[in-house]
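>>> return a 3D structure for these sequence lines:
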Amino acid sequence: MSAIEKIHKQLLTSKLLLFTIVFAFIALRLYSIGTQFNNLSFWACLLIQIGIAFIILQLNHVFNIIQGRTFLPALFYLLFTGINPVFYNDLKGSVAALCLVLCYYFLFASYQKPESQINAMNISILLVLGSLLWSPLLIFFPVFWIGLYRFQCFNMRVFFANLTGFVIVYLFIFTWSVFQGDKNIFFSLLPNFEWLLTAYKLDFTILEWITYGFILLVYIISGVYLFFIYISEKVWTIAALSYLYLSAFFTFIFLFARSEHKSSLGLICFVPVAILAGHFFSRSNKKGIQYLLLLFILFFIGIGIAQYASS
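The predicted structure follows:
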């Protein structure tokens, strides 16, 4: 076994490497805040983002999205979120990404199950609860409707169960506001879509353009392999990964159209992209892809160093 093959194997399967990355992720965050240890938003973001990385691993383990053992999706998510200080205190984006990855769990559990009303309602409840903190999360409803349709479980009962989750949350808020004698509580938490009617210019730094450009490149390459080369994969694997590809595509469009939300959308986008990249780099034994994986990781480490040097 050559040196690059040994490195590739360690990157895929080494628990020690994964926990070393987690330790480095925490250490880097602690270094960035200096003596401001009472920053609750920072600690919440730190725990949520590490939690998302391990939920992604559990998602892959439960639904067997990537054949074989690999820790790459979690490693990639920590790498993506660790290189840019803008993610360190984005509590809204962290909560939104957590809600979304949990929604993926309920969506995947609905695969080819027409009686998936409970899962559809859970998806709705999670999206609405997340939207109370970050309202743009509501635009992901159609993305999950498409997912339910692609997974052959979409019908009128599932659709109305999905809407029921929305009603339940706001009915509870309305009841609470009446109980408190302050209807402003209810009206203040209603969805606000004024931001959709406002035009914004692209607001990315040079390093962010380079970062997202490289992520887009790997996203496109992984799509080519998924749809044209890995066609012998299981039907379930293709269905799950193609949906994640669609979800990431939608988020990329939203990210470049509404760059004022770039931090929150980045945290959301990194979930499907981490899984897709993990599948791409895990399934091939070609040395060219093994070298590309090493280059991919070194590139993001270099971007992280440049981000810290410029901040």
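
>>> and Tyr219, what is it in contact with?
Going by Cβ atoms under 8 Å, 6 or more residues apart in numbering, Tyr219 touches 245, 248, 252, 273, 276-277. Backbone N, C-alpha and C define where each C-beta goes, glycine included.

>>> report the mean per-residue pLDDT for the host helix or strand of it.
When secondary structure is defined by DSSP states H and E, Tyr219 falls within helix 206-224. For helix 206-224, mean pLDDT is 89.

>>> cool, stretch 8-28 as well?
Stretch 8-28 carries an average pLDDT of 82.

>>> run through who's touching it.
By Cβ under 8 Å, 6+ apart, the surrounding residues in contact with stretch 8-28 are 1, 46, 50, 53, 68-72, 74-75, 78-79, 82, 281-282, 290, 293-294, 297, 304.

>>> show me what the helix or strand hosting Phe166 is packed up against.
Using DSSP H and E, Phe166 sits in helix 156-180. Judged by 3 or more Cβ pairs under 8 Å, 6 or more residues apart in numbering; DSSP states H and E, helix 156-180 is in contact with helix 117-131, helix 141-150, helix 184-188.

>>> could you redo the last one with a cut-off of 7 Å?
helix 117-131, helix 184-188 (3 or more Cβ pairs under 7 Å, 6 or more residues apart in numbering; DSSP states H and E).

>>> for these, which has the smallest mean pLDDT value?
helix 184-188 - the lowest mean pLDDT of the helices and strands packed on helix 156-180, at a mean of 80.

>>> check the offset of that helix from the chain's centre.
Computed by Cα atoms, centre = their mean, to the nearest Å, the chain-centroid distance of helix 184-188 equals 30 Å.

>>> can you give me the buried ones in it?
Neighbour-count burial for helix 184-188 flags Phe186 (criterion: 16 or more other Cβ atoms under 10 Å).

>>> ok, now stretch 113-125?
Quick answer for stretch 113-125 (16+ other Cβ under 10 Å): 116-117, 119-125.

>>> quick one: the most centrally placed residue in the chain from Phe87, how far?
Central residue of the chain (Cα atoms, centre = their mean): Val271, 2.3 Å from the mean position. Val271 sits at a distance of 13 Å from Phe87 (criterion: Cβ to Cβ, to the nearest Å).

>>> what of Ser282?
The gap separating Ser282 from Phe87 is 25 Å, by Cβ to Cβ.

>>> Tyr149 now?
Separation of Tyr149 from Phe87 (Cβ to Cβ) stands at 32 Å.

>>> with neighbour numbers in mind, choose between these two.
Using other Cβ atoms under 10 Å, the more surrounded residue of Tyr149 and Phe87 is Phe87, with 21 against 13.

>>> got the contact list for the more buried one?
The contact partners of Phe87, by Cβ atoms under 7 Å, 6 or more residues apart in numbering, come to 81, 263, 266-267.

>>> swap in 6 Å and give it another go.
Taking Cβ atoms under 6 Å, 6 or more residues apart in numbering, we find Phe87 in contact with Thr81.

>>> do the same with Leu202
The neighbours of Leu202, taking Cβ under 6 Å, 6+ apart as the test, are Ser259.

>>> how near is it to Phe160?
39 Å.

>>> which elements pack onto the helix or strand harbouring Ile253?
If you go by DSSP H and E, Ile253 is part of helix 235-257. Applying 3 or more Cβ pairs under 6 Å, 6 or more residues apart in numbering; DSSP states H and E, one finds that helix 235-257 contacts helix 141-150, helix 262-282.
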